[in-house]
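Enquirer: Next come a sequence and a model predicted from it.
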Amino acid sequence: MPTIYINQACIESLDITPAQIAIEKLLAHWDDTSESDRAFQIELVWDKEDGDPRELSEISEVRLWFVRLDATYPWFSYLLDWRLELSRYAAMLVPHEFKREGDGYVLQYNPEALELFVMQKVFTISLWLKSRGIESTAKLQQMTQSLGYEIDSAFFSLL
C-alpha cells in the first residue's frame, strides 16, 4: 500500500508536494494500478514538545495542512485506505473532541459538522467518479458507513 510521507517542514510551509506527486502518479497510471495500490496511507512526522498532550488532529498547523490538501483535492479521501485513514482524515477537517471512555479516550465528532462533511464528500466524490467513468458507488458507501452514515444506493441515482 503506498504511503505518503509528510514531514514537519512540509506541514509548517503548507507544502503538499509529496501528496501531489503521489496523487498525480496514481492518476496517470490508474488503469494499470491494482485496487489495493490505489489506497494511500499518510505518515506524519511532527515533533511535539515534551509534555504536549495534544493529538495531531488538535494541532492547528497539522490541521491547516490537511485543509489545504482537501481544498486542492476535495475527492482525496476516496484515495485513502479508508479502513485505517478516513477517521483521522475526517478529524483533521471536522470539529471533534476526545471523550474519556473506560480506560482510554474516543474520538467524538461534532454531529452536524460530520454530517455536512460526509454529504459534501458524497457529492464531490460522486462527481469525481463520474468524471473518471467509474459507475460503482460501493466504496463510497462503505466510506460513509465507516463514519456512521448509511446512504441508500437510490440516493446516488439523484446525483
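Expert: Perfect, thanks for sending it. Residues are numbered from 1 along each chain as shown.
Enquirer: CA only for contacts and neighbour counts going forward, please
Expert: Will do.
Enquirer: Would you map the strands across this structure?
Expert: Assigned by DSSP state E, the chain shows strands spanning 3-6, 41-44, 96-101, 104-109.
Enquirer: do you know which of these lies nearest L79?
Expert: Comparing these by their distance to L79 (CA to CA), the top pick is strand 41-44, with 9.0 Å.
Enquirer: Which elements pack onto the closest one?
Expert: The contact analysis (3 or more CA pairs under 8 Å, 6 or more residues apart in numbering; DSSP states H and E) places strand 41-44 against strand 3-6, helix 82-93.
Enquirer: Show me what the longest one is packed against.
Expert: So that's helix 82-93. Checking 3+ CA pairs under 8 Å, 6+ apart, helix 82-93 ends up next to strand 41-44, helix 60-72, helix 138-146.
Enquirer: ok so, going back, figure out which of the strands of the chain is closest to D81.
Expert: Of all the strands of the chain, strand 41-44 sits nearest to D81, with 6.0 Å by CA to CA.
Enquirer: What residues sit buried inside the closest one?
Expert: Within strand 41-44, the residues that qualify as buried are 41-42, counting by 16 or more other CA atoms under 10 Å.
Enquirer: Can you give the strand pairings for that strand, parallel or anti for each?
Expert: Strand 41-44 has the following strand partners under DSSP bridges: strand 3-6 (parallel).
Enquirer: Let's see the partner strand as CSV, backbone CA atoms only.
Expert: Presented in CSV, the C-alpha positions along strand 3-6 are these (Å, rounded to 0.1, in the frame of the first residue of the first chain):
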residue,chain,number,x,y,z
THR,A,3,2.4,5.7,1.8
ILE,A,4,2.7,9.5,1.6
TYR,A,5,5.3,10.8,4.0
ILE,A,6,4.7,14.3,5.3
